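no sequence on this one, just coordinates:
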């Protein structure tokens, strides 16, 4: 029993953090928004850092790390509001594809790790996806099977997100037999893998966004003066921020616990993931509302960075199952199934 | 359209307020608790003030005032945590009995107004009643009819309330035909009358208790010093109390609106009463938790008065339908029935 | 207590309803924070004026209808029921109008009120300054008195911010420091000025939704005749406080607005009830109950005002209640929409035309503007409860 | 990350479970705030000691078992799972014990720790003073140093309050002002003293439930040998802060306690599910999730501590989280019980023997004692977020 990350995981997290905070700055994001762009053009650098291949096996060109470490990267991506679809490709699509272990998929995995190909998962839970238009291929999870298609074969319809850094599309695809990877009988496993990774990684990204917003609001509260003092010296401001901080501190281990359950394929992984997604949505909603309140009128403008983080929260909270979806899964387990609760049941 | 009380109602409220605050002091209540007593012995004075006969017709010896004024008295009774069953007798039992208008009941009503008889209503919603043991007679509302029995004919079992000023009993009674006032066909009207008055008056009492607790906590915050200043000068304390105060200000008109609906026998009176009871329970729960937090450790003791008010809140919140009961009635109206909502539907 | 409308009030309601049914645009107007939308909203003000529905609570002398507060509430109920456009004249109707009536000279009333009521002159407010925020007394913008060719002027210099409507409006009002030696709330004067004066630069501020709902105003030796001062020199703070009182008070946020939102939320809920969690059901019910409570409270306050009562720090209670209610209702709607919540009004698949997302963003400003809720809680604690400063 | 127990840890759990199954009293003990209950709880401490389960995290030298934090968590899970009695030795195990180990002299450790572990000496804390409250540094009680017959003593004078266990306990610890010229947190010393010394008067304070859970202690020239001082003279504040850190920190409120409450709440809910509102269903689910989250967080913190990390202001986060969780769970239970919520433990019809009402009252103290949550939020803002004082 050891509820902490390995040194390897922490080292790679630190490297990713240094890189992301250095390159995905708020100035860089603002420039993108002003130019109506959504990409920093740093995909190759993400590959070189090993972030794309984090979850792939060594023989597939990856780092063979596990998803309980990947959530640390997702937090960092959220903290800087990274616009690239790093998490979608490396955290969700790749582990689903890797599970197939055919020659063809292994080659694709290798390509993804190297940054040569981008794969996205299309799933009924998500009506729209970010940057599908620059994906090379799409992994379609449908009731009747899993299909792999090139993005150009799909019918993409542009959608409009409140988040100016999300370039989203809805997809209509009509896969035929040649696209099929697995059939009806085996798609359920892939589907569950995608749902778990999708919700978990999104939860971790929300956690990072929350930390970013709390940090921004704290810095603002130290600098901004009213009635002659920094607003951060007033109890009302302190207590708002403390409440958000406490919520964040207690959401984080929930996400880590779910990540461990997913990486170990525990029987209750789905429940753990639902808990993680609920906790992440709640803390991110609170952090966003707290941060804008602390920023006062400034938070209501395009002039401060906060709005980009808030909008990302609103945009991704509903991905891979919204709060209702996950609450219903917990509800079912708690009130209808015979879930064991109480002391000594948590890790058993 | 005039959402305010008449001068008569306000004058009588003021008289009741003066009397109650002068006689039902916290010193008097503490003496009762120390002596294990639950009555101030002022029933006759309550009668003389006209409080007992407030709702009875003039020819019945009453003041012929309406229940939208009586809630003001209930607030005052709550504000001082009056231990006498004034509200149960004059606000609930009396209007139910008055509705019958037979010679026998008219005589009893007259007696009640004069303070010579105490009548209590026994209803399935309430497992226990306060001071049944000193009631003269009991009005039993059962599915098969309404019955009037003398208290000595009933089987009373003492129960134990957390509120040391509530002397509660449960009742078992076996009424026979001679006790029957009305039969199965007519009991529904009386039953609804009792439910509405019961929940409404209890809500108003909770409102008064809330005001009393907020006042106590405010006074404490002005006097008590920490870190060299009155604790009431700290923003955290101010904001706790302000939140409770806002909740109180917005609960009050909800109770008044329900009182008017009951007095006018409006079609939506039951819904209004349920709203009132919900609002009152919520504000009282918040006010109690706020008040004890402001009092710090002192609030956790028998030494300050607060505990008597808090315990009264916990004791009566569930009377005449708990929060679940009333929430289910609103739920039904809102989601299953075709309740009209939106602007221009409120008073139509 | 008499909670039924009189026959006359019912007739008034029918009159409003018929008129609105005939005149409210069938399609929602574009946002009033766009150039096109602003002019369309101005047209709507003129249409309202054509039916004498522009400023119904104003005296008839100034282009109003002399309605009492109950009639105003009825009007608002019908207005929101009809989904009629936002009022681009709001700064005039509810803020400057009542202030002018209380503090203005007869000439000022005649000069400013009728074109305000007619929609011919739309007003911006200009309270805040970059380093003031909730601390409204930290005003630095100056109005220096000079005489030129026998005429007295104030010369404005400095900067305002968070000026709503300023990008497209005609006139603005605000307080300026006329006594350079003064500090805090002393030595300020309340000044009215056209926004096209020489020396005024307006820089739009893009708000969350990308539209310029606010602006910064820069003053570089802007000359305003002294006649444009409202009240006495140096009395600006007291007048501004009265104006802010109107803002926080009864009339800024009519209950109908929140009842309409609650009604739409119930509808949104019912459309996907089976997939929603108990938390959402509870929130929707509470939204309905609280919107009703807000309505009761407003009628209760209005009745006291009609009886000659005054509205005081209760206005701060109102502000807290409606702003939290509004935020909670929109937050609930966001959680109902799930993965569709991110779709903007420009996306044809957006639920209810993206109005919930837009409303959520707007609701986040509720606890901030017109005196942040933290400031309101201080006011309540000090003025209603008597706690020490 | 390794979230499975080792075989050794599983075996330890089995050992605890078997022992508790065999020894936990079948009937709940009377409240430890009554004379009878206190002695029965002391007996239970001795029973625990008989199995060497009294102070399992202590070193074996002092009567402990040398368990690590994960074993402690396992023990606590089994302890609450078995509904074993409250620990009347809590002030000793979790507060004074660790403080003595860190700051005590070898003689003090030998003198005080073994009888503490054996349940032979039960400790009261005596931190607060009547005008101190959350302002712990406002200490006025004095310890004046004298020499008598060649022996050095402190003479205690003054008053303490909110002293838990003091009514029935044997010993107490607290801080006293040894430097009469000093103020605030300077010049204080940490002193241990038996409660039966001449000059000590103990006045029980009745708490909400009527039992004397606290006491005031009056000191009238109470003579204590200087050897009873812990640490150096004048260093009392630092030691007290360390003690208070233990109190707010990891070990005061083990997750098992809240998981047990959540489990019972789910059970209470299921017993009358059909008559309950969506709000209650949502609250029950959230109680379960938050109790789990508290458990995760504790294992996460324990793992870092085992790796050599330190617990800092996170202890304040813990305090806020568990105290709010506990209050919310009991509030929810009260709302489930409706008209039965008022029945005290003395009423045979009380649901779950009145434990919810009792627990609700206790939970209301949670956000107050051991440093009010308002103080904790200040600490978090200043120490975790770096906001200015």
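Perfect, I can see it now. Treat the numbers as computed from the prediction; the structure is a model and nothing was measured.

give me every residue in the stretch 151-300 of chain A lying close to chain B.
When proximity is defined as Cβ under 8 Å from any Cβ of the partner chain, the stretch 151-300 of chain A approaches chain B at A:234-236, A:239. The way it works is simple: take the backbone N, C-alpha and C, and place the C-beta from them, glycine included.

quick one, phi psi at the residue in the stretch 101-250 of chain C positioned nearest to chain A?
Relative to chain A, the nearest point of the stretch 101-250 of chain C is residue C:206 (3.9 Å; Cβ to the nearest Cβ). Main-chain dihedrals, residue C:206, degrees, to the nearest 10: phi -80, psi 130.

what's around it, how many residues?
Using other Cβ atoms under 10 Å in any protein chain shown, residue C:206 has 16 neighbouring residues.

just the pLDDT for it.
With respect to pLDDT, residue C:206 scores 92.

touching, it and residue A:300? I think so.
No. With contacts counted by Cβ atoms under 8 Å, residue C:206 stays clear of residue A:300, the gap being 9.9 Å.

quick one, helices of chain A?
With helices called from DSSP state H, chain A shows them at A:7-23, A:26-34, A:43-48, A:67-79, A:86, A:94-98, A:103-113, A:187-223, A:235-263, A:269-295, A:306-316, A:323-331.

hmm, the last one in reach of chain B?
Read that as helix A:323-331. No. Judged by Cβ under 8 Å from any Cβ, helix A:323-331 and chain B are separated, with a smallest distance of 15.9 Å.

tell me which residues are up against that helix.
For helix A:323-331, contacts defined as Cβ atoms under 8 Å, 6 or more residues apart in numbering or on different chains pick out A:125, A:199, A:270-271, A:273-275, A:277-278, A:281-282, A:317, C:275-280, C:335-336, C:338, D:281, D:285, D:288-289.

next one: it to chain centre, how far?
Its chain's average C-alpha position is 19 Å from that of helix A:323-331, according to Cα atoms, centre = their mean, to the nearest Å.

quick one, that helix and helix A:269-295 angle?
Counting by axes from the mean of the first three to the mean of the last three Cα atoms, to 10 degrees, helix A:323-331 lies at 140 degrees to helix A:269-295.

what's the angle between helix A:323-331 and helix A:187-223?
Using the same axes, to 10 degrees: helix A:323-331 against helix A:187-223 is 120 degrees.

which among the helices of chain A is found nearest to residue D:15?
Evaluated over the helices of chain A, closeness to residue D:15 peaks at helix A:235-263, with 26.1 Å, by Cβ to Cβ.

quick one: that closest one to chain centroid distance?
Worked out by Cα atoms, centre = their mean, helix A:235-263 lies 16 Å from the chain centre.

pLDDT of that helix, averaged?
The model assigns helix A:235-263 a mean pLDDT of 98.

and chain D, is that helix touching that?
Yes. Applying Cβ under 8 Å from any Cβ, one finds helix A:235-263 touching chain D at A:235, A:237-239, A:241-243, A:245-246, A:249-254, A:256-257, A:259-261, A:263.

what segments of the stretch 201-350 of chain C are strands?
In the stretch 201-350 of chain C, the strands defined using DSSP state E, counting those that start in this stretch lie at C:214-225, C:229-230.

the last one: how far from the chain's middle?
For strand C:229-230, the distance from its own C-alpha centre to the chain's C-alpha centre is 21 Å (Cα atoms, centre = their mean).

sheet partners, orientation included, of it?
Using DSSP bridges, strand C:229-230 pairs in its sheet with strand C:188-194 (antiparallel).

helix/strand/coil for residue C:165?
coil (DSSP: H, G, I helix; E, B strand; the rest coil).

tell me the bridge partners for the residue nearest to it when sequence neighbours are not counted.
Take residue C:165 and drop its neighbours on the chain: the residue closest to it by Cβ to Cβ, 6 or more residues apart in numbering or on different chains is residue C:124, 4.2 Å away. Beta-bridge pairing for residue C:124 (DSSP bridges): residue C:172.

so who does residue C:124 touch?
Counting by Cβ under 8 Å, 6+ apart, residue C:124 makes contact with C:91, C:163-166, C:169, C:171-173, C:195, C:215.

now do 10 Å
For residue C:124, the contacting residues are C:91-92, C:96, C:160, C:163-174, C:195, C:202, C:214-215, C:217, by Cβ atoms under 10 Å, 6 or more residues apart in numbering or on different chains.

also residue C:253?
Residue C:253 touches C:76, C:94, C:247, C:294, C:298, C:318-319, C:321-323, C:325-326, C:366, C:370, counting by Cβ under 10 Å, 6+ apart.

hmm, residue C:315 is touching residue C:241, no?
No. At 11.3 Å, residue C:315 does not count as touching residue C:241 under the criterion of Cβ atoms under 10 Å.

pick out whichever of these two has more residues nearby.
When neighbours are counted by other Cβ under 10 Å, residue C:315 and residue C:241 differ, and residue C:315 comes out ahead with 22 against 13.

could you measure from the more buried one over to chain D?
Counting by Cβ to the nearest Cβ, to the nearest Å, the separation of residue C:315 from chain D is 27 Å.

circling back: out of the strands of the stretch 201-350 of chain C, which gets nearest to residue A:53?
The minimum distance between residue A:53 and these falls on strand C:214-225, with 46.8 Å, by Cβ to Cβ.

partners of that closest one in the sheet?
Using DSSP bridges, strand C:214-225 pairs in its sheet with strand C:151-160 (antiparallel), strand C:200-205 (antiparallel).

ok now it, how far from the chain's centre?
Distance of strand C:214-225 from its chain centroid, counting by Cα atoms, centre = their mean, is 22 Å.

do me a favour and average the pLDDT over that strand.
Here the average pLDDT along strand C:214-225 is 96.

still on that earlier bit, please identify which of the strands of the stretch 201-350 of chain C is closest to residue B:57.
strand C:229-230 (57.6 Å).

could you pull up phi and psi at residue 4?
Because you didn't say which chain, this covers chain A. Main-chain torsions, residue A:4, degrees, to the nearest 10: phi -160, psi 160.

I was thinking of chain C, sorry if that wasn't clear
Dihedral angles of residue C:4 (phi, psi; degrees, to the nearest 10) stand at phi -110, psi 150.

tell me the pLDDT of it.
Residue C:4 is assigned 95 on the pLDDT scale.

contact partners for the closest residue to the residue of the stretch 101-250 of chain C closest to chain A other than its chain neighbours?
Distances taken as Cβ to Cβ, 6+ apart place residue A:302 nearest to residue C:206, at 3.9 Å, with adjacent residues excluded. Counting by Cβ under 10 Å, 6+ apart, residue A:302 makes contact with A:30, A:33-34, A:164, A:308, C:205-212.

brilliant, that's me finished.
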